[in-house]
Structures are given as structure tokens and as C-alpha cells.
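1. got a predicted structure here, sequence first:
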Amino acid sequence: MATKTIDDSPRFRPAQSPADKDELVGRVEDQVAVLKAISEIDFMTRARRRHIARVLKDNPGLAPHVLEAIDEASDDALDDAQIETGVPAKTFDARCPYDWDALLMRPVAFDASRSPES
């Protein structure tokens, strides 16, 4: 039985021209930029969650208004999503699908297969 090498793979094709190499470098740079953006979004999400927790701790009278704040933020997020993606509003949930605990604790997940740029 012969050992298969990377060169035997149908998906592997050495760069044939400078244009091939440039395309590969461009695709790798794009992926690095996506990973950097995801990392920055994750950091900002964690920072904002900590800030919200501090505000509620320092102002316990605001706790009864959390659901109202979620509704307002959901409306803003829907507008932002439409502007950013160009996707019709009916594509998105009309209301936030997460409860308060989920908003504070759920991991931020990114699905590139659902990106309008894919």
C-alpha cells in the first residue's frame, strides 16, 4: 500500500504562477482579518457584559427595567442588522430570542456559512 502525500491530494495544487500565490496570500490575509474581528467582538462583548453587571449592581432599582431595555436594544439591533447586511427585516427575529441570563452568559458564535458575504 502506497503512502499518500499532500502532493497526491486532489485539493492540493502548488502555486503555478505569481497570481496563484497572490490569491492564496489574499485569502489567508482575509481569514486572519476575520479571526481578528471575531476576537475583538468577543472582547467587546465580555467588557460590555461586565459593565452591565456593574451598573445593575450599583443601581438595583434598574433591575425591573431589564426586559424593557432588551426590547429597545432588540429594535436597534434589528435596524443595525438590516443596514449592515442589506437583508430584509423579515429574515431576522422580530424580538430578541434570548432571555436575560442567556444574554449575559451565552457564548458569541459566528457562522460564516450564514454570512451574506459567503
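-> Cool, the structure landed.
2. and for the helix or strand encompassing L78, what's in contact with it?
-> If you go by DSSP states H and E, L78 is part of helix 66-85. Defining contact as C-beta atoms under 8 Å, 6 or more residues apart in numbering, one finds that helix 66-85 is touched by 56, 87-89, 92, 94-96, 100, 103, 116. Every C-beta, even on glycine, is put in place using the N, C-alpha and C of the backbone.
3. most neighbours among these, which one is it?
-> C96 (17 neighbours; other C-beta atoms under 10 Å).
4. compute the inter-axis angle for the top helix by length along the chain and helix 66-85.
-> Determined from DSSP state H, the single longest helix within the chain is helix 18-58. Angle, helix 18-58 to helix 66-85, by axes from the mean of the first three to the mean of the last three C-alpha atoms, to 10 degrees: 160 degrees.
5. show me how this protein divides into domains.
-> Domain segmentation of the chain under automatic domain parsing yields 27-58, 64-107.
6. and the ones you listed: which comes nearest D20?
-> D20 sits nearest to domain 27-58 of all the domains of the chain, at 10.9 Å, using C-beta to C-beta.
7. show me what counts as buried in that closest one.
-> Within domain 27-58, the residues that count as buried by 16 or more other C-beta atoms under 10 Å are I52.
8. got it, and stretch 75-82?
-> L78.
9. and if you look at stretch 60-79?
-> For stretch 60-79, by 16+ other C-beta under 10 Å, it's 70, 74, 78.
10. from those residues, which is closest to L62?
-> Among these, and counting by C-beta to C-beta, the member closest to L62 is I70, at 12.6 Å.
11. pLDDT weak spots in the protein?
-> 1-15, 109-118 (pLDDT under 70).
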